[in-house]
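Asker: sequence and computational prediction follow.
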Amino acid sequence: MIKQKQSGELIIISGTTCAGKGTVIERLLNRNQNLSLSISYTSRPMRAGEVEGVDYFFVSREEFEKKIQNGDFLEYAKVRYGEYFGTPKEEVKQLLQSGKDVILEIDVQGAQQIKEMFPETILIFIMAPSMTEVKRRIKARGKETNEQIIDRFITAYREINEIPKYNYVVVNDDIDTAVAKVEAILVSEKCRVDRIEEIAMENQEEIIHEFLIDKDFVNEPLKIED
């Protein structure tokens, strides 16, 4: 009998701009009840349409820095304009202990920080089919200036260079196919031998005794292959 680990798996999903990783994660969560998304903390102001505790936990810069001092984050980063983003340690720990598989949607820098602390973390990188497609998707949103688009492109190229540090890469040229690939990755990870907690073998003498008293087994002529 095989006994699986009772704690959940930690899964990091990163990706370039406009790769569709948010949509992939949303589909995964809707289709898999044992998956949970870790909600990050941020010091940036809440934007229109965002919901506290759904998109982020919004705190002041002072509150965030206090949490850093208290060691409340698995990882955190200070991005442009001096705003912080961080993954809460206690919330993630509780979810994993309850048996939930936890997805962290974070950048490559944060991914490596967590991988160093938790080597068994599953790292998945989501890519758009091409940078031309990225450009098309950015323009279709119509929210960025030319300067912002260039900045996103530069960041995307830097992130692509980090792919060898990940376990898997999924090209999102079709959302259903991309989601299916990520699900297949998660299923295969559950079957890895090093993720099995215990293989409990039945008593050897009992097994032999059952064979000996099995009339069909005993009466069946022994076949010897040439």
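Answerer: Looks like it arrived, so ask away. Bear in mind that the values here come from a model prediction, so they are computed numbers and not experimental data.
Asker: for stretch 43-58, C-alpha coordinates in CSV please.
Answerer: In CSV, the C-alpha atoms belonging to stretch 43-58 read as follows (Å, rounded to 0.1, in the frame of the first residue of the first chain):
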residue,chain,number,x,y,z
SER,A,43,2.1,48.4,-0.3
ARG,A,44,0.8,49.9,-3.5
PRO,A,45,-2.6,51.7,-3.6
MET,A,46,-5.7,49.7,-4.5
ARG,A,47,-6.8,50.1,-8.1
ALA,A,48,-10.3,50.5,-9.4
GLY,A,49,-12.1,47.1,-9.4
GLU,A,50,-9.6,45.4,-7.0
VAL,A,51,-10.9,43.7,-3.9
GLU,A,52,-9.1,43.5,-0.6
GLY,A,53,-8.1,39.8,0.2
VAL,A,54,-8.9,38.7,-3.3
ASP,A,55,-6.4,40.6,-5.5
TYR,A,56,-4.0,41.5,-2.7
PHE,A,57,-3.8,42.3,0.9
PHE,A,58,-3.3,46.1,0.8
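Asker: buried residues of that stretch, list them for me.
Answerer: 43-44, 56-58 (16 or more other C-beta atoms under 10 Å). Just so you know, the C-beta spots here come from the backbone N, C-alpha and C atoms, and that holds for glycine as well.
Asker: narrow those residues to those in strands?
Answerer: Judged by DSSP state E, the buried residues of stretch 43-58 include 57-58 as members of strands.
Asker: ok, of the buried residues of stretch 43-58, which one's closest to residue 92?
Answerer: residue 57 (12.8 Å; C-beta to C-beta).
Asker: which residues does the closest residue in space to the closest one that isn't next to it in sequence contact?
Answerer: By the measure of C-beta to C-beta, 6 or more residues apart in numbering, the closest residue to residue 57 outside its immediate chain neighbours is residue 41, 4.6 Å from it. Residues in contact with residue 41 (C-beta atoms under 8 Å, 6 or more residues apart in numbering) are 56-59, 64, 67, 73, 76, 84-88.
Asker: try 10 Å this time
Answerer: By C-beta atoms under 10 Å, 6 or more residues apart in numbering, residue 41 lies in contact with 56-59, 63-64, 67, 72-73, 76, 84-88, 91.
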